[in-house]
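Enquirer: Sequence plus predicted model, see below.
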Amino acid sequence: MSISVIIPTYKPQDYLWQCLDSLEAQTLDKRLWEVVLVLNGCSEPWLTEIQDYVKAHLTMRLSIIQTDTAGVSNARNIGMDNAAGEYIAFIDDDDYVSPSYLEALIQIADIDTIAASNTIGFSDEQAHIPYYLEKEYNSKAKAGKQPFYNAKKYFGGPCMKLIHRDMIGEQRFDTRFRNGEDSLFMFAISTKIRYIRFTDTNAIYYRRFRIGSASKTYTRKQALHNGWKLICQYTHLFHKGKYNRYFYKTRILGVLHSILVN
């Protein structure tokens, strides 16, 4: 098994079908990859709805895991613990990908190289929303294989990329954090990452922006508390391991910026 695609979902709506349909349409041989779908914090009627949709519409290899514990980080951790692939790809349940997404990523990924895709933002009201990672892709993609910290903005989360299992090792998402755990996870595994390389423009991760998503419902007091804990954890990791000093500084500045703009 080359790739395990991990999708956490909670009380999913119709957008999950769009996500799964985009994976069903992948050009990469279905024998080379699997989907691990983790339904977290809920059960019925969503579990049965997912099972019925998979049976009626999909032919790809897909396993469904249900847990009563809510939280995207916990769901991703469960997905990793049950994944069989040499590489891991994370996709959020309200996003979707272009047909060549997995095939383009696997062609350029390596044990020390993160493969990253083009990305486009959208919403239910707008087909194309300006997105800072699209700008980052356009400025970095033509440089070829490069030190990962050259494209540091791409390391704010695990989606839009393909990650070798050896990079992840025993690292998991820190479930103590409500926000910022994506960036913290990428920092934690960065000692095993040397390079980043981008796919062609046709391999696209479509990022949906939704009103009321977890990243948008956050008070200033919560942001201050969470930000301080993140800074402490980044600093703990930095002093514990051989992390890139420049990359560490950018993560701390990122936390401070998120506190100020909240």
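Expert: In hand now; what should we look at?
Enquirer: And the protein, split by domain according to the record?
Expert: Listed by automatic domain parsing, the domain ranges of the chain are 3-213, 218-262.
Enquirer: So what's the gap between the last one and the chain middle?
Expert: Pointing back at domain 218-262 there. Centre-to-centre, domain 218-262 and its host chain are 19 Å apart (Cα atoms, centre = their mean, to the nearest Å).
Enquirer: So, low pLDDT: which residues of this protein?
Expert: Counting by pLDDT under 70, the chain has low-confidence residues at 211-218, 262.
Enquirer: ok, and the closest non-adjacent residue to the residue nearest the centre of the chain?
Expert: Geometric centre of the chain, nearest residue: C159, 2.4 Å, by Cα atoms, centre = their mean. Counting by Cβ to Cβ, 6 or more residues apart in numbering, C159 lies nearest to F90, which is 5.0 Å off, once chain neighbours are set aside. The way it works is simple: take the backbone N, C-alpha and C, and place the C-beta from them, glycine included.
Enquirer: Equivalent analysis for A151, please.
Expert: Excluding the flanking residues, the one nearest A151 by Cβ to Cβ, 6+ apart is K140, at 4.6 Å.
Enquirer: and that neighbour, what does it touch?
Expert: K140 sits next to 146, 150-151, 154, 196, 198 when contact means Cβ atoms under 8 Å, 6 or more residues apart in numbering.
Enquirer: Now it. Its backbone dihedrals?
Expert: Dihedral pair for K140: phi -110, psi -20, per degrees, to the nearest 10.
Enquirer: That one and T27: what is the separation?
Expert: Distance, K140 to T27, by Cβ to Cβ, to the nearest Å: 24 Å.
Enquirer: What of I65?
Expert: I65 is 27 Å from T27, by Cβ to Cβ.
Enquirer: Now the residue in the chain sticking out farthest from the centre: which helix or strand?
Expert: Relative to the centre of the chain, the most outlying C-alpha is that of A56, 27.2 Å out, by Cα atoms, centre = their mean. Assigned by DSSP states H and E, A56 falls within helix 46-57.
Enquirer: Kindly report the same for E34.
Expert: strand 33-40.
Enquirer: Run the angle between that strand and helix 46-57 for me.
Expert: Strand 33-40 and helix 46-57 are oriented at 160 degrees to each other (axes from the mean of the first three to the mean of the last three Cα atoms, to 10 degrees).
Enquirer: Does strand 33-40 pack against any helices or strands, and if so which?
Expert: Counting contacts by 3 or more Cβ pairs under 8 Å, 6 or more residues apart in numbering; DSSP states H and E, strand 33-40 is packed against strand 3-9, helix 46-57, strand 62-67, helix 72-81.
Enquirer: hmm, back to that, so what touches the helix holding A56?
Expert: Counting by Cβ under 8 Å, 6+ apart, 9, 11-12, 16-17, 20-21, 24, 37, 39, 62, 64, 66 sit against helix 46-57.
Enquirer: Which residues belonging to that helix are considered buried?
Expert: Within helix 46-57, the residues scored as buried using 16 or more other Cβ atoms under 10 Å are 46, 50, 54.
Enquirer: cool, stretch 135-147 as well?
Expert: 136-137, 140-141.
Enquirer: starting at the chain centroid, how far to stretch 2-17?
Expert: The answer for stretch 2-17 is 11 Å, by Cα atoms, centre = their mean.
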